[in-house]
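Asker: sequence and predicted structure are below.
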Amino acid sequence: MTEGAKARLHARIEGVVQGVGFRMFVHRQATQLNLTGWVRNTWDGNVEVVAEGNREQLEQLLTSLKLGPRSAQVTNVNFIWLPANGEFSDFRVRPTAN
């Protein structure tokens, strides 16, 4: 991947991650890093994130996801790297997935 190339990070964060401000934490981090995409709770108690941007900023977001906000207890982060497709114009909090 070339320097400055866009990428997509798809992550699923497990642990005590709902009801602790995790989505707003991710939204704040992603916005500060100029990333686009979304974050949402999942029906099984996890948090899902899809973010696009420069690989360096996505790596920073991934580091933040592994820590979470102070009240969270992250036990695992599953993630994959994909090519960016540019479908997002900003970063949003989405409703819980069914």
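Answerer: Structure received.
Asker: right, and residue 40 touches residue 91 too?
Answerer: No - applying C-beta atoms under 8 Å as the test, residue 40 and residue 91 come out as separate, 11.8 Å apart. Using the backbone N, CA and C atoms, a C-beta is placed for each residue, glycine as well.
Asker: give me the more crowded residue out of the two.
Answerer: residue 91 (25 against 17; other C-beta atoms under 10 Å).
Asker: please list all residues in contact with that one.
Answerer: Contact analysis of residue 91 by C-beta atoms under 8 Å, 6 or more residues apart in numbering lists 27, 30-31, 35-39, 51.
Asker: which residues does it bridge with?
Answerer: Note on residue 91: beta-bridge partners residue 37, judged by DSSP bridges.
Asker: now, among the contacts of residue 91, which is nearest to residue 76?
Answerer: Looking at the contacts of residue 91 and their distance to residue 76, the nearest is residue 39, at 16.7 Å (C-beta to C-beta).
Asker: please name the nearest non-neighbouring residue to the closest one.
Answerer: residue 26 (4.3 Å; C-beta to C-beta, 6 or more residues apart in numbering).
Asker: low-confidence stretches in the protein?
Answerer: Residues of the chain meeting the criterion pLDDT under 70: 1-4, 98.
Asker: so the residue nearest to residue 39 sits in a helix?
Answerer: Yes - counting by DSSP: H, G, I helix; E, B strand; the rest coil, residue 26 is found in a helix.
Asker: that one contacts residue 37, correct?
Answerer: No - counting by C-beta under 8 Å, residue 26 stays clear of residue 37, with 9.5 Å between them.
Asker: can you pick the most crowded of the contacts of residue 91?
Answerer: Going by other C-beta under 10 Å, residue 30 tops the contacts of residue 91 with 28 neighbours.
Asker: tell me which element that residue falls in.
Answerer: Secondary-structure assignment from DSSP states H and E places residue 30 in helix 22-32.
Asker: many thanks, I have nothing further to ask.
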